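Undergrad: fold the following and give me the result.
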Amino acid sequence: MYERILVPLDGSSQGEIVLPYVYQMATRFRAEILLVSVAEPSIPQPDQLHRSYLSHLTEQMQRELREWEPKGETGIQSKVLLGEPADEILKCGDQYKASILVMASRGRSSRGPWILGNVAAKVLRATDKPIMLVRSPAKGDALHQKRLITKVLVPLDGSPIAEQVLPHAEGVARILGSELFLFHVFEPMRKYAGGLVYRALPNEVVDAENARRKQAGLSYLDEISKKLKDRGISVSSGVAPGSPAEQILDYADANRMDLIAMSTHGRSGVGRWVFGSVTDKVLHAGDTAVFVVRATQP
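TA: You can find the predicted model right below:
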């Protein structure tokens, strides 16, 4: 599913927080790794320092990969790129035929600037490849057990575009042994209806409609859950009223999700989320790693 992993790095410790995730993905998916670093062509001998960094890091990674899979052999290549970072990373992804990009991004607990913190957003907007954005270091217990992604949150709004993330989430769950948590957020009916004059709706009307919306969401998730369970995937589901992005982030924090898997650039239709907008909000908040798939119009 993911045969080639492209890993952009900038020489910073913050950029390298992706490495444990790369180890798990590479060893479990039997994938090759390409490390890239982008040098500025205006600097004399721009690639010398970058080559030295990548060479040293490759040796370190080979040692650590043997700890993740003693009998395995994971191929690692490295390449120094020259030019504008986002552009060069995108070109390299196409040339290398990368299956997925894994990059460091900004979490709400991040401190200080680093190059890739700004580049990741540009790459995400332009790439048509799946991308995993890591916002905080892996937890100690997860590292010790070498199981970083055990719980994957999959927000869905009822649209085919949002559901395009499901094959990827299923693939991750199957190979990594993760549990999927399907999550739907519905817009609750308010007690006060707008118009030329605000008027209060009867409580029983509001309660009945919100119960209907909740049940509709549960039925929708149950249908998807059944298909996944029939294929051997462990699945749970939940529904909540409110603002989609806020509810997704709150649910991820409260239930200690390891990954949020979403599609982007999808429009859900009248009365539903503008899903690309929700994804964008999730990407700019929280510390949970995010897996993003570029949706195509059905």
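Undergrad: okay, CA-based contacts and neighbour counts for the rest of this
TA: Fine.
Undergrad: which residue sits closest to Arg66, ignoring its sequence neighbours?
TA: Gly72 (7.0 Å; C-alpha to C-alpha, 6 or more residues apart in numbering).
Undergrad: got phi/psi on that neighbour?
TA: The phi/psi pair for Gly72 (degrees, to the nearest 10) reads phi -90, psi 170.
Undergrad: burial measure for it, as a count.
TA: Gly72 is flanked by 13 other residues according to other C-alpha atoms under 10 Å.
Undergrad: bridged to Val80, which residues?
TA: Ser37 (DSSP bridges).
Undergrad: tell me if I'm right that it and Asp47 touch.
TA: Yes - using C-alpha atoms under 8 Å, Val80 is in contact with Asp47, at 6.3 Å.
Undergrad: now for those two: what residues contact both?
TA: Ala39 (C-alpha atoms under 8 Å, 6 or more residues apart in numbering).
Undergrad: the strands in the stretch 51-200 of the chain, which residues?
TA: Along the stretch 51-200 of the chain, the segments classed as strands by DSSP state E, counting those that start in this stretch run 76-82, 100-104, 131-134, 151-155, 179-186, 192-193, 199-200.
Undergrad: least reliable of the ones you listed by average pLDDT, please.
TA: Mean pLDDT per stretch puts strand 192-193 lowest among the strands of the stretch 51-200 of the chain, at a mean of 64.
Undergrad: what helix or strand does Val7 sit in?
TA: According to DSSP states H and E, Val7 maps onto strand 4-8.
Undergrad: how far off strand 76-82 does that strand point, in degrees?
TA: If you take axes from the mean of the first three to the mean of the last three C-alpha atoms, to 10 degrees, strand 4-8 sits at 50 degrees to strand 76-82.
Undergrad: in terms of secondary structure, what does whichever helix or strand comes after strand 4-8 contact?
TA: Downstream of strand 4-8, the first helix or strand assigned by DSSP H and E is helix 19-29. Counting contacts by 3 or more C-alpha pairs under 8 Å, 6 or more residues apart in numbering; DSSP states H and E, helix 19-29 packs against strand 4-8, helix 46-68, helix 166-176.
Undergrad: poorly predicted segments of this protein, please.
TA: Confidence mapping of the chain against pLDDT under 70 gives the ranges 42-46, 106-117, 192-199, 265-276, 297-298.
Undergrad: again, only using 80
TA: The chain contains residues with pLDDT under 80 at 40-47, 72, 106-118, 190-201, 265-277, 279-280, 283-286, 296-298.
Undergrad: per-domain residue ranges of it.
TA: In terms of domains, the chain is parsed into 4-144, 151-288 (source: automatic domain parsing).
Undergrad: pick the most buried one from the helices and strands packed on helix 19-29.
TA: Scoring those by mean neighbour count under mean count of other C-alpha atoms under 10 Å gives strand 4-8 as the most buried, with a mean of 25.
Undergrad: list the strands paired with that one, with their directions.
TA: Using DSSP bridges, the strands paired with strand 4-8 are strand 32-39 (parallel), strand 100-104 (parallel).
Undergrad: coming back round to it: could you dump the helices and strands packed on helix 19-29 into a markdown table and include distance to Val282?
TA: Formatted as a markdown table, the helices and strands packed on helix 19-29 follow (distance: least, C-alpha to C-alpha, whole Å):
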| stretch | distance to Val282 |
| --- | --- |
| strand 4-8 | 22 |
| helix 46-68 | 30 |
| helix 166-176 | 17 |
